[in-house]
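Chemist: I would like the atomic coordinates for the input below:
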Amino acid sequence: MNRPIFFLFAIRNLRLHWLRSLLAMLGIIIGVVAITSMGILGSSLVLSISEDLTTVGDTIVVVPHSGGSGMGGGPGGAGISSDDTITSRQLERITRASVPHTVIPIYSGGERIRIGAETGFAPIYGMRTADIPLLLEREDGQYLRGSSGAMIGALLAETYSLKVGSRILVGSDEQPVRVTGVLEERGMGFDINTDSAIVVSERWYENRYEPSGYDRVIVKVRDLEEIEAVKSSIETSLNRRETEVDVYDTRAILATILETFGRISTFTIAIGGISLIVAGVSIFNVMMMSVMERYREIGVLRSIGALRREIRRMFFYESLLLGVAGSIIGGILSVAGGYLALLVMLEDTSYLLAPSSLIYIPIGMVFGVGTSILSGLYPAWKASEADPIEALRHE
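Modeler: As a prediction, this is how the structure comes out:
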């Protein structure tokens, strides 16, 4: 018999039972939208995290083995002991082990600040003035040149409406410091987080807090291929007899974080896939009902010469049409679903059109069509195996 006839039979049956077909198709639509929206959300989450985290793949961070509190001694610090800091002698050994790469020692603390009538708290980093341009980018103003003045993070400047020349009162004694420059926004970093911080000179920090040592040392490696070698050299130099410092490769940390969020993304997609399973069960039920209702019709077709494979094809066409139509509609609606998911969860829709996000639309559609086909295989086989004589007797 002519193949298009069975395709037309499939369309006719879907049209006759349009409400049932629509409900089955709705399941596919919801499934495709769910799996695609979750995929877009997961991908955008990974993109957001990787963008927010400063690109520090060329950085090694050395901290005291005790972990350090990240706070310097003095009025705003935690009053930490020498065991919680990196001493000048240890700094020399780190520098020798890191030659010819750049070594940047850093003090870190925090204090109450006042700007006009507003008060708050800000992290404070003390650095050698020559090291600041090597690690931080300037957005406005000038880099520190002497022991006075300070540079501030972009978010701190935005929060308190600060600009170059503004005055900040630091600590309970309200020591004044002038803003000489504003730093570019970096996002979250593994080395230091300066967006809401104040950066002062090493001498200013030492005069105010009298720290017993540095809170961390950052090593900027010139060649990424040498990271492991430099890391191993520092550990060998300082941790030979006992563990004095912890050495972190920020590239490895970033890779671990992105891998973790990638797994979260996969998990969210799997949650969305549950709705496709439900849709598959719905289509399976619709197709089995269709077989039972058309049992006599199947007998007539078989008696006039229709082959088993042609009967299978007719029911296969029905499930395929449901899957294709539902997947196309679901794919279109997935753009809106992904937009809403990003708007609610991340409050940022800029990653919606990223290739790594859009790829989930065809993936969701393929899963929708595949689910429909699998759900229709058994009903199609069941229909083709019907005995013509018994089917003609069926009421």
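
Chemist: From the contact counts, what lies against the longest helix belonging to the chain?
Modeler: Among the segments of the chain that qualify as a helix by DSSP state H, the longest is helix 250-293. Of the remaining helices and strands, those touching helix 250-293 by 3 or more CB pairs under 8 Å, 6 or more residues apart in numbering; DSSP states H and E are helix 18-52, strand 59-64, helix 308-345, helix 360-384. (Each C-beta comes from the backbone N, C-alpha and C, glycine too.)

Chemist: What are the buried residues along stretch 144-162?
Modeler: 144, 149-157, 159-160, 162 (16 or more other CB atoms under 10 Å).

Chemist: So residue 113 belongs to a strand, correct?
Modeler: Yes - under DSSP: H, G, I helix; E, B strand; the rest coil, residue 113 sits within a strand.

Chemist: which residue sits closest to it, ignoring its sequence neighbours?
Modeler: residue 122 (5.0 Å; CB to CB, 6 or more residues apart in numbering).

Chemist: Give the bridge partners for that neighbour, please.
Modeler: Beta bridges link residue 122 to residue 111, judged by DSSP bridges.

Chemist: In this structure it contacts residue 195, no?
Modeler: No - here residue 122 lies out of contact with residue 195, judged by CB atoms under 8 Å, at a distance of 10.7 Å.

Chemist: Mutual contacts of these two, please.
Modeler: Residues touching both residue 122 and residue 195 (CB atoms under 8 Å, 6 or more residues apart in numbering) are residue 156.

Chemist: give the contact list for the residue nearest to residue 113.
Modeler: 110, 111, 113, 156, 196, 197, 198.

Chemist: go with 6 Å
Modeler: Taking CB atoms under 6 Å, 6 or more residues apart in numbering, we find residue 122 in contact with 113, 197, 198.

Chemist: Name the nearest of these relative to residue 13.
Modeler: Nearest to residue 13 among those, counting by CB to CB, is residue 197 at 68.5 Å.

Chemist: Count the residues that sit near that closest one.
Modeler: 21 (other CB atoms under 10 Å).

Chemist: low-scoring pLDDT stretches of the stretch 151-300 of the chain, where are they?
Modeler: 254 (pLDDT under 70).

Chemist: If we use 50, what do you get?
Modeler: For the stretch 151-300 of the chain, no stretch has pLDDT under 50.

Chemist: ok, for residue 261, nearest residue in space, not its chain neighbours?
Modeler: Residue 261 sits nearest to residue 46 (CB to CB, 6+ apart), 4.8 Å away.

Chemist: Not counting sequence-adjacent ones, nearest residue to residue 178?
Modeler: Closest to residue 178 by CB to CB, 6+ apart is residue 149, at 5.2 Å.
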